[in-house]
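In: fold the stuff below for me.
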Amino acid sequence: MPSSRVPDILDAWRMAAARRRFEGRVPLSALARLQGLLADDEGEASYVLQFDHDQLQGPCVELQIQAALPLVCQRSLERFALPVEITQRLGLIRDEQDEAALPPGCEALLVPEDGQLRPLDLVEDELVLAVPLVPTAPESDAVQRDWPAGEEELQKASPFAALAGLKKN
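Out: As a prediction, this is how the structure comes out:
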(Lines give C-alpha, C1' and ligand atoms only; values in the text may rest on other atoms or scores of the structure.)
Protein backbone atom coordinates (compact mmCIF):
# COMPACT_ATOMS: atom_id res chain seq x y z
CA MET A 1 0.00 0.00 0.00
CA PRO A 2 1.61 3.28 -1.10
CA SER A 3 1.96 6.16 1.26
CA SER A 4 0.90 9.56 -0.02
CA ARG A 5 3.48 11.34 2.14
CA VAL A 6 7.01 10.11 2.62
CA PRO A 7 8.32 11.00 6.09
CA ASP A 8 11.54 13.02 6.35
CA ILE A 9 12.95 10.38 8.71
CA LEU A 10 11.72 6.85 9.19
CA ASP A 11 12.65 3.78 11.20
CA ALA A 12 14.21 1.38 8.67
CA TRP A 13 13.88 -1.68 10.94
CA ARG A 14 10.16 -1.13 11.57
CA MET A 15 9.49 -0.35 7.91
CA ALA A 16 11.21 -3.60 6.84
CA ALA A 17 9.29 -5.62 9.43
CA ALA A 18 6.01 -4.08 8.21
CA ARG A 19 7.05 -4.38 4.51
CA ARG A 20 6.09 -0.75 3.90
CA ARG A 21 6.15 0.94 0.51
CA PHE A 22 6.57 4.65 -0.07
CA GLU A 23 6.23 6.60 -3.31
CA GLY A 24 7.31 10.17 -3.73
CA ARG A 25 8.60 12.98 -5.89
CA VAL A 26 11.35 15.43 -5.07
CA PRO A 27 12.41 18.55 -6.98
CA LEU A 28 16.06 18.42 -8.04
CA SER A 29 16.48 21.83 -6.37
CA ALA A 30 15.94 20.13 -2.97
CA LEU A 31 18.97 17.84 -3.43
CA ALA A 32 21.89 20.05 -2.33
CA ARG A 33 24.74 17.57 -2.95
CA LEU A 34 23.53 16.98 -6.51
CA GLN A 35 23.44 20.70 -7.40
CA GLY A 36 27.14 21.08 -8.25
CA LEU A 37 26.88 18.32 -10.85
CA LEU A 38 23.86 19.67 -12.72
CA ALA A 39 23.49 22.40 -15.34
CA ASP A 40 20.49 23.77 -13.43
CA ASP A 41 17.94 22.58 -10.88
CA GLU A 42 14.93 22.20 -13.17
CA GLY A 43 12.97 18.99 -12.95
CA GLU A 44 12.20 16.37 -10.38
CA ALA A 45 12.85 12.76 -9.51
CA SER A 46 10.17 10.21 -8.74
CA TYR A 47 11.03 7.33 -6.48
CA VAL A 48 9.68 4.21 -4.78
CA LEU A 49 11.04 2.71 -1.57
CA GLN A 50 9.93 -0.88 -0.94
CA PHE A 51 11.01 -2.23 2.45
CA ASP A 52 11.07 -6.00 2.75
CA HIS A 53 13.21 -9.00 3.71
CA ASP A 54 15.58 -10.67 1.23
CA GLN A 55 15.79 -14.40 0.53
CA LEU A 56 18.03 -14.83 3.61
CA GLN A 57 15.41 -13.03 5.73
CA GLY A 58 17.58 -9.96 6.23
CA PRO A 59 15.94 -6.51 6.14
CA CYS A 60 16.34 -4.68 2.84
CA VAL A 61 14.95 -1.84 0.79
CA GLU A 62 14.51 -1.72 -2.96
CA LEU A 63 14.90 1.76 -4.38
CA GLN A 64 13.55 2.72 -7.80
CA ILE A 65 14.25 6.18 -9.16
CA GLN A 66 13.31 7.91 -12.41
CA ALA A 67 14.59 11.34 -13.37
CA ALA A 68 15.92 13.44 -16.22
CA LEU A 69 19.12 15.09 -15.00
CA PRO A 70 20.03 18.41 -16.67
CA LEU A 71 23.72 18.20 -17.56
CA VAL A 72 26.19 20.07 -19.77
CA CYS A 73 27.52 18.00 -22.68
CA GLN A 74 31.31 18.11 -22.66
CA ARG A 75 31.42 17.84 -26.46
CA SER A 76 28.99 20.58 -27.41
CA LEU A 77 28.84 22.52 -24.10
CA GLU A 78 25.06 22.54 -24.42
CA ARG A 79 22.48 21.52 -21.86
CA PHE A 80 20.84 18.12 -22.26
CA ALA A 81 18.62 15.91 -20.11
CA LEU A 82 20.11 12.55 -19.16
CA PRO A 83 17.33 10.01 -18.58
CA VAL A 84 18.04 8.00 -15.43
CA GLU A 85 16.25 4.85 -14.31
CA ILE A 86 17.74 3.21 -11.26
CA THR A 87 16.76 0.06 -9.42
CA GLN A 88 18.96 -0.64 -6.42
CA ARG A 89 18.52 -3.26 -3.72
CA LEU A 90 20.08 -2.28 -0.40
CA GLY A 91 20.59 -4.71 2.47
CA LEU A 92 20.09 -2.99 5.80
CA ILE A 93 22.97 -3.80 8.14
CA ARG A 94 23.92 -2.65 11.66
CA ASP A 95 27.61 -3.51 11.44
CA GLU A 96 30.09 -3.65 8.55
CA GLN A 97 30.77 -7.32 9.36
CA ASP A 98 27.16 -8.12 8.37
CA GLU A 99 27.90 -7.17 4.75
CA ALA A 100 29.33 -10.62 3.98
CA ALA A 101 25.93 -12.20 4.73
CA LEU A 102 24.11 -10.18 2.07
CA PRO A 103 22.88 -12.03 -1.01
CA PRO A 104 24.52 -11.38 -4.41
CA GLY A 105 23.37 -8.18 -6.13
CA CYS A 106 22.50 -6.51 -2.84
CA GLU A 107 24.50 -3.46 -1.77
CA ALA A 108 25.07 -2.78 1.91
CA LEU A 109 23.45 0.16 3.67
CA LEU A 110 24.86 0.77 7.14
CA VAL A 111 21.96 1.90 9.32
CA PRO A 112 22.41 3.22 12.87
CA GLU A 113 21.15 1.05 15.72
CA ASP A 114 18.12 3.33 16.20
CA GLY A 115 17.17 2.70 12.56
CA GLN A 116 16.75 6.37 11.66
CA LEU A 117 16.97 6.77 7.89
CA ARG A 118 16.37 9.73 5.59
CA PRO A 119 14.71 8.50 2.37
CA LEU A 120 15.80 11.55 0.39
CA ASP A 121 19.45 10.87 1.31
CA LEU A 122 19.13 7.46 -0.37
CA VAL A 123 17.59 9.01 -3.47
CA GLU A 124 20.25 11.72 -3.64
CA ASP A 125 23.11 9.22 -3.16
CA GLU A 126 21.91 7.13 -6.10
CA LEU A 127 21.42 10.17 -8.35
CA VAL A 128 24.92 11.46 -7.56
CA LEU A 129 26.32 8.05 -8.52
CA ALA A 130 24.30 8.10 -11.76
CA VAL A 131 25.95 11.29 -13.06
CA PRO A 132 28.65 10.30 -15.55
CA LEU A 133 32.21 11.52 -14.99
CA VAL A 134 32.19 13.16 -18.44
CA PRO A 135 28.61 13.91 -19.48
CA THR A 136 28.01 13.65 -23.22
CA ALA A 137 24.68 13.98 -24.96
CA PRO A 138 23.80 10.80 -26.88
CA GLU A 139 23.12 12.77 -30.06
CA SER A 140 26.38 14.74 -29.98
CA ASP A 141 29.08 13.86 -32.48
CA ALA A 142 32.51 12.84 -31.33
CA VAL A 143 35.18 15.34 -32.26
CA GLN A 144 37.47 13.77 -34.85
CA ARG A 145 40.32 16.10 -35.49
CA ASP A 146 43.90 15.31 -36.42
CA TRP A 147 46.34 17.69 -34.79
CA PRO A 148 49.68 17.19 -36.55
CA ALA A 149 52.74 17.58 -34.38
CA GLY A 150 55.30 20.18 -35.42
CA GLU A 151 58.93 19.35 -36.20
CA GLU A 152 60.09 20.73 -32.86
CA GLU A 153 57.61 18.53 -30.95
CA LEU A 154 58.73 15.47 -32.91
CA GLN A 155 62.36 16.19 -32.02
CA LYS A 156 61.51 16.51 -28.32
CA ALA A 157 59.43 13.35 -28.38
CA SER A 158 62.20 11.24 -29.90
CA PRO A 159 64.21 9.38 -27.25
CA PHE A 160 67.23 9.50 -29.59
CA ALA A 161 67.12 13.29 -30.11
CA ALA A 162 69.70 13.83 -27.34
CA LEU A 163 71.98 11.19 -28.90
CA ALA A 164 71.79 12.92 -32.28
CA GLY A 165 73.00 16.11 -30.61
CA LEU A 166 75.97 14.29 -29.09
CA LYS A 167 76.88 12.72 -32.43
CA LYS A 168 77.22 16.16 -34.07
CA ASN A 169 79.90 17.21 -31.54
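
In: contacts and neighbour counts: CA atoms only from here.
Out: Noted.

In: so the residue nearest in space to the middle of the chain, which state does it fall into?
Out: What sits nearest the mean C-alpha location of the chain, by Cα atoms, centre = their mean, is Leu129, with 1.3 Å. The three-state label given to Leu129 by DSSP: H, G, I helix; E, B strand; the rest coil is helix.

In: can you give me the distance of it to Val61?
Out: 18 Å (Cα to Cα, to the nearest Å).

In: mind listing what Leu109 touches?
Out: 90-93 (Cα atoms under 8 Å, 6 or more residues apart in numbering).

In: same question, Leu38
Out: Contacts of Leu38 (Cα under 8 Å, 6+ apart): 69-72.

In: quick one: the strands in this structure, in order.
Out: 2-3, 10-11, 21-27, 44-53, 59-72, 79-93, 107-110, 116-117 (DSSP state E).

In: tell me where the model's unsure across this protein.
Out: Within the chain, the ranges that satisfy pLDDT under 70 run 1-4, 54-56, 142-147, 154-165, 167-169.

In: in stretch 131-142, what counts as buried?
Out: 131, 135-137 (16 or more other Cα atoms under 10 Å).

In: wait, stretch 30-37
Out: 31, 34, 37.

In: end to end, how far does it reach?
Out: Start-to-end, stretch 30-37 (Cα to Cα) is 14 Å.

In: got phi/psi on Leu77?
Out: The phi and psi values for Leu77, taken as degrees, to the nearest 10, are phi 60, psi 30.

In: what sits against it?
Out: Per Cα under 8 Å, 6+ apart, neighbours of Leu77: none.

In: can you give me the end-to-end span of stretch 92-110?
Out: End-to-end distance for stretch 92-110: 6 Å, by Cα to Cα.

In: what residues of it count as buried?
Out: 92-94, 99, 102, 106, 108-110.

In: most widely separated two among those?
Out: Maximum pairwise distance in the buried residues of stretch 92-110, criterion Cα to Cα, is 15.1 Å, between Arg94 and Cys106.
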